[in-house]
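Chemist: Okay, structure incoming, though there's no sequence with it:
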């Protein structure tokens, strides 16, 4: 038996969609949306620990990542504008949907008696709201969903993977982790001795210092990779 564990953001759904919708609904200034989104993720990682340990409030954290990303592209947003975008972004995240291909992956896993799980970084209430909006508990038992905010441990800390391993009761060699972040998902899976499947939707360069089992550029490629795993 094998275990298949997923990240949430930019894995079970494409995070750029609610992000772009939030920006377009508030501003008419043209911007390279792919770069804006990726820069916001970069600045989000820069200050993530500060937001977790109380060095900055969540509002300050959200303002920082949106303002800095926009500034790099020549768009200057006030604190109020950045916070309004974050609020609209959060509102859009309550309307999330998984693609038909992602649903097919989960259905295929169930048909093959695969043990499923989720490990996601972020504040408890925020991440659980996304999980509810996506409806993933139809396929994944709630007890096998780990939100870092509930544990005080964030990926890539190996301990959060060890908690999942104990929940699924499978050897590390039988566990696969699917995620989009090299620093959090792939490095974390490597440290835990799991096989890492990287969803590289935005054509990032593959770093040499990590071990990647397979790379998928989109959901269709991910389906094919997972289908072959089940055929073994």
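Modeler: Here it is on my side, so go on. Predicted, not measured: the structure shown is a model, and the values here were computed from it.
Chemist: Worst mean pLDDT across the helices and strands of this structure, which element?
Modeler: helix 48-52 (a mean of 84; mean pLDDT, DSSP states H and E).
Chemist: so who does residue 79 touch?
Modeler: By CB atoms under 8 Å, 6 or more residues apart in numbering, the residues touching residue 79 are 63, 67. C-beta: built from backbone N, CA, C; applies to glycine.
Chemist: should've said residue 135
Modeler: Residue 135 makes contact with residue 98, according to CB under 8 Å, 6+ apart.
Chemist: same thing but at 10 Å, please
Modeler: 96, 97, 98, 103 (CB atoms under 10 Å, 6 or more residues apart in numbering).
Chemist: So which bits of whatever helix or strand the last one lives in are buried?
Modeler: If you go by DSSP states H and E, residue 103 is part of helix 100-111. For helix 100-111, a neighbour-count test (16 or more other CB atoms under 10 Å) marks 102, 103, 104, 105, 106, 109 as buried.
Chemist: which of those residues lies closest to residue 203?
Modeler: Nearest to residue 203 out of these is residue 102 (CB to CB; 19.9 Å).
Chemist: so the closest one makes contact with residue 10?
Modeler: No: counting by CB atoms under 10 Å, residue 102 does not reach residue 10; the two are 11.7 Å apart.
Chemist: The closest residue to residue 37 other than its chain neighbours and residue 202: what is the separation?
Modeler: Excluding the flanking residues, the one nearest residue 37 by CB to CB, 6 or more residues apart in numbering is residue 16, at 4.7 Å. According to CB to CB, to the nearest Å, residue 16 and residue 202 sit 8 Å apart.
Chemist: Kindly report the same for residue 8.
Modeler: Counting by CB to CB - residue 8 and residue 202 are separated by 17 Å.
Chemist: can you give me the strands in the chain?
Modeler: 3-6, 115-120, 145-147, 175-179, 195-199, 214-216 (DSSP state E).
Chemist: Show me the one of these that comes nearest residue 45.
Modeler: strand 175-179 (13.6 Å).
Chemist: Given the closest one, what are its sheet partners and their directions?
Modeler: With DSSP bridges as the test, strand 175-179 is paired with strand 3-6 (parallel), strand 195-199 (parallel).
Chemist: what is the rounded mean pLDDT of it?
Modeler: Strand 175-179 shows a mean pLDDT of 98.
Chemist: In the least confident helix or strand of the chain, which residues are buried?
Modeler: Those would be 48, 51, 52, for helix 48-52 by 16+ other CB under 10 Å.
Chemist: just those now: which is nearest residue 26?
Modeler: After measuring the buried residues of helix 48-52 against residue 26 - CB to CB - the closest member comes out as residue 51, at 22.6 Å.
Chemist: who touches residue 187 in this structure?
Modeler: Contacts of residue 187 (CB under 10 Å, 6+ apart): 155, 156, 158, 179, 181, 196, 207, 209, 210, 211.
Chemist: Local confidence estimate at the last one?
Modeler: Model confidence at residue 211, expressed as pLDDT, equals 95.
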